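Engineer: Generate a structure from the sequence data that follows.
(one chain, ligands or ions: 2)
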Amino acid sequence: MTTDRRKVVLIGTGMVGMSFAYSLVNQGGICNELVLIDVNTVRANGEAMDLNHGLAFAKSNMKIYAGEYKDCKDADIVVIAAGVAQKEGETRLDLLKRNVEVFRSIVTPVVRSGFDGIFLVATNPVDIMTRVTYELSRFGASRVIGTGTSLDTARLRYLLGDYFTVDPKNIHAYVIGEHGDSEFVPLSQVMMATKPVMKILEDERNSYCIDDMQSIEEQVRTAAYKIIEAKRATYYGIGMALTRIVKAILGDENSVLTVSAKLCGEYGYRDVFIGVPSIIGRNGVKEIIELDLNEEEKEKFKSSVNVLNEHFDPLEL
Ligand SMILES: NC(=O)C1=CN([C@@H]2O[C@H](COP(=O)(O)OP(=O)(O)OC[C@H]3O[C@@H](n4cnc5c(N)ncnc54)[C@H](O)[C@@H]3O)[C@@H](O)[C@H]2O)C=CC1
Ligand SMILES: CC(=O)C(=O)O
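Structural biologist: Numbering: from 1, shown residues only. Ligands and ions are numbered 1, 2, ... in the order given. This is a model prediction of the structure:
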């Protein structure tokens, strides 16, 4: 790790927030100052103590403490994982009204602190909460990022790797659209190494088939519901996705991640924040990559945009 200071503020020290913090500490070297903020200050203090007690076993040292909004002033990234989470039977969109109220109490004091870094949002419905953050903060779009479909993409690559018995790192595939029920996999764009998966599926010499792809897509779309049914919440996966995005920003990696980013004409749309492959570096979203979608995929993308706009438009911010 270099000696320059890299400061992250986490707002919301619940299951998602603390899974992120734990992953950040364990991976080591990504940042060297972590501030924990929560409306429940007792909890934030307890979490800071607990994490600090693990530092003796961590790869690199970090300053970790429970803080206040004024601590955002000189932060590089403010991660927001505060708010309510889905209960069994709820969709992510069901959380919208409650989490908009939570964000009003967060984004304004962060901006008032003089914060001039990058917002990274995980709270659901994440695409709309990212747009709410953009509207409330009035930051430039490149500096307001949501986790988007980064977790769904990780789920997809894991399942495809398992199916083809190939390291998921060599599967190039994205889930795009809403982080929610209208998300989809543009199958025309899925590659194993540099070979299109569609070609592998068409090859009669193997037993791979398109029906299995549809089943994998469905498993990705319903993964959160299954996990919530089994253990009430999902948090390790998103904690690691957040860590990955923070690492890409602070390391100025220019890595391609499917974050929720504001479209400015890409895919034929404007203003909506939605999960799309984007190049992420020190200044946030450097570029959105526009995939070559076929007609059916364009229709699916349009449906996802419509869902997000229909839920965002009635909000009075
Ligand atoms: N983007 C993604 O892929 C994923 C997003 N999530 C979302 O992350 C969010 C957090 O989920 P969990 O950590 O499981 O919930 P949780 O209930 O464990 O934690 C939420 C935390 O937010 C805090 N909080 C509530 N209002 C606040 C306020 N006004 N100011 C500061 N802190 C406040 C609470 O005190 C609590 O500590 C949910 O919206 C959930 O749906 C969860 C998994 C994946
Ligand atoms: C809860 C949620 O958004 C997820 O695990 O995908």
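Engineer: What segments of the stretch 1-150 of the chain are helices?
Structural biologist: For the stretch 1-150 of the chain, the helices defined by DSSP state H, counting those that start in this stretch occupy 15-27, 41-52, 96-112, 126-137, 150-164.
Engineer: The fourth one near ligand 2 anywhere?
Structural biologist: No: Helix 126-137 does not reach ligand 2 (CB under 6 Å from any ligand atom); its nearest approach is 7.0 Å. To be clear about C-beta, it is placed using only N, CA and C from the backbone, and glycine gets the same treatment.
Engineer: now that helix, how far from the centre of its chain.
Structural biologist: Offset of helix 126-137 from its chain centre (CA atoms, centre = their mean, to the nearest Å): 13 Å.
Engineer: What are the contacting residues of it?
Structural biologist: When contacts are defined by CB atoms under 8 Å, 6 or more residues apart in numbering, helix 126-137 is touched by residues 80, 83, 92-93, 96, 99-100, 103-104, 107-108, 110-111, 119, 121, 123, 139, 141, 144-148, 178-180, 260, 262, 271-275, 308, 311-312, 315, 317.
Engineer: Buried subset of those, written for ChimeraX?
Structural biologist: Once 16 or more other CB atoms under 10 Å is used to decide burial, the buried members of the contacts of helix 126-137 can be selected in ChimeraX as follows:
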select :80,83,92,93,96,99,100,103,107,110,111,119,121,123,139,141,144,145,146,147,148,178,179,180,260,262,272,273,274,275,308,311,312
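Engineer: Excluding sequence neighbours, find me the nearest residue to the residue of the stretch 1-150 of the chain at minimum distance from ligand 2.
Structural biologist: Nearest residue of the stretch 1-150 of the chain to ligand 2 (CB to the nearest ligand atom) works out as residue 124 at 5.2 Å. Nearest residue to residue 124, sequence neighbours excluded (CB to CB, 6 or more residues apart in numbering): residue 92, at 4.1 Å.
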